[in-house]
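>>> Need coordinates for the below:
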Amino acid sequence: MTLSKMPSTLERMTETQLDVKLEHSYQQAIARQGRPLNDVFSDLEKKHPEGKRA
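Below you'll find the predicted structure:
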């Protein structure tokens, strides 16, 4: 996984972009394609130890 240099924030997205992101996320949830939150954060902490949670 790669992260964009400038993350998309609600303030930077058009209504259409937000709708597309939400629809994609919804379809992933329906298909049970998500990952457990703790697994995602563990992976991020391994890649970016300087931002590790306390």
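>>> going forward, measure contacts and count neighbours with C-alpha atoms only.
OK.
>>> residues making contact with the longest helix belonging to the chain?
Longest helix in the chain, counting residues (DSSP state H): helix 15-30. Defining contact as Cα atoms under 8 Å, 6 or more residues apart in numbering, one finds that helix 15-30 is touched by 10, 34.
>>> Show me what the next helix or strand after it is packed against.
Downstream of helix 15-30, the next assigned helix or strand under DSSP states H and E is helix 37-47. Of the remaining helices and strands, none touches helix 37-47 by 3 or more Cα pairs under 8 Å, 6 or more residues apart in numbering; DSSP states H and E.
>>> related to what we said a few turns ago, for the longest helix of the chain, what is the average pLDDT?
Mean per-residue pLDDT for helix 15-30: 95.
>>> starting at the chain centroid, how far to that helix?
Offset of helix 15-30 from its chain centre (Cα atoms, centre = their mean, to the nearest Å): 12 Å.
>>> May I have that helix as CSV, with CA atoms only?
Extracted in CSV, the C-alpha atoms of helix 15-30 (Å, rounded to 0.1, in the frame of the first residue of the first chain):
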residue,chain,number,x,y,z
GLU,A,15,-19.4,16.1,-3.6
THR,A,16,-19.0,13.6,-6.4
GLN,A,17,-15.6,12.5,-5.2
LEU,A,18,-17.0,12.0,-1.7
ASP,A,19,-19.9,10.0,-3.1
VAL,A,20,-17.6,7.7,-5.1
LYS,A,21,-15.4,7.1,-2.0
LEU,A,22,-18.3,6.3,0.2
GLU,A,23,-20.0,4.1,-2.4
HIS,A,24,-16.7,2.1,-2.8
SER,A,25,-16.3,1.7,0.9
TYR,A,26,-19.9,0.7,1.3
GLN,A,27,-19.5,-2.0,-1.4
GLN,A,28,-16.4,-3.3,0.2
ALA,A,29,-18.2,-3.5,3.6
ILE,A,30,-21.1,-5.4,2.0
